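1. this one's sequence-less:
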């Protein structure tokens, strides 16, 4: 028996309150492209005990739409418009679980400005990366919140990072 080979992160799923508004935001803020929409608000919703069990949703959850959006060359973003009786606010950095997604950019200032113009809220201006393993003169980061509350990060690392001295492994944007 051979071990399975994991090839990489395929997509990140995000639940949003309005899929049409979320698609527009991803396109305007990040240059996203709609790959496909599996079903939409005019189609029968996905719901019921079998669906709830299959995805771990709370009882009474209704999925009104699903779409896959491409952003650059990384993992895709899968949007779900779900509504349910036990929905909570998006997680914060201090909560358990996946707390944000990050987008690599070559121009962090322009990317953050585009994000803000599209309706996103940056937490700070782009700043130096604080971790010794990722520091470099031009290496910068900026976190923000999408209109529906998901935290995201912009990162740029044009300068060599110190972690290169610790391992031969490289993050995808650092590969030759």
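-> Right, received. Where do you want to start? All of these numbers come straight from a predicted model, not from anything done at the bench. Residues are numbered from 1 along each chain as shown.

2. Look up the residues forming beta bridges with the most centrally placed residue in the chain.
-> The residue lying closest to the centre of the chain (Cα atoms, centre = their mean) is residue 101, at 3.8 Å. Beta-bridge pairing for residue 101 (DSSP bridges): residue 152.

3. That one contacts residue 12, doesn't it?
-> Yes - in this structure, residue 101 is within contact of residue 12 by Cβ atoms under 8 Å, at 5.1 Å. Yep, even glycine has a C-beta here, placed from its N, CA and C like the rest.

4. Identify the residues contacting the residue nearest to the centre of the chain.
-> Applying Cβ atoms under 8 Å, 6 or more residues apart in numbering to residue 101 gives the contacts 12, 14, 77, 150, 152-153.

5. residues bridging contact with residue 101 and residue 12, i.e. touching both?
-> With Cβ under 8 Å, 6+ apart, residue 101 and residue 12 have common neighbours residue 77.

6. Filter the contacts of residue 101 down to the buried ones.
-> Those of the contacts of residue 101 that meet the buried threshold are 12, 14, 77, 150, 152, by 16 or more other Cβ atoms under 10 Å.

7. between these, which is closest to residue 144?
-> residue 152 (6.0 Å; Cβ to Cβ).

8. C-terminal to the longest helix that the chain contains, what's the next element?
-> When the chain is parsed with DSSP state H, its longest helix is helix 19-30. Downstream of helix 19-30, the next assigned helix or strand under DSSP states H and E is strand 33-39.

9. Does anything pack onto that following strand? Which helices or strands?
-> In terms of contacts (3 or more Cβ pairs under 8 Å, 6 or more residues apart in numbering; DSSP states H and E), strand 33-39 is packed against helix 19-30, strand 62-70.

10. contacts for the next helix or strand after the last one?
-> If you walk from strand 62-70 toward the C-terminus, the next helix or strand you reach (DSSP H and E) is strand 76-83. Contact partners of strand 76-83, identified using Cβ under 8 Å, 6+ apart, comprise 10-19, 22-23, 26, 32, 35, 41, 57, 61-71, 101.
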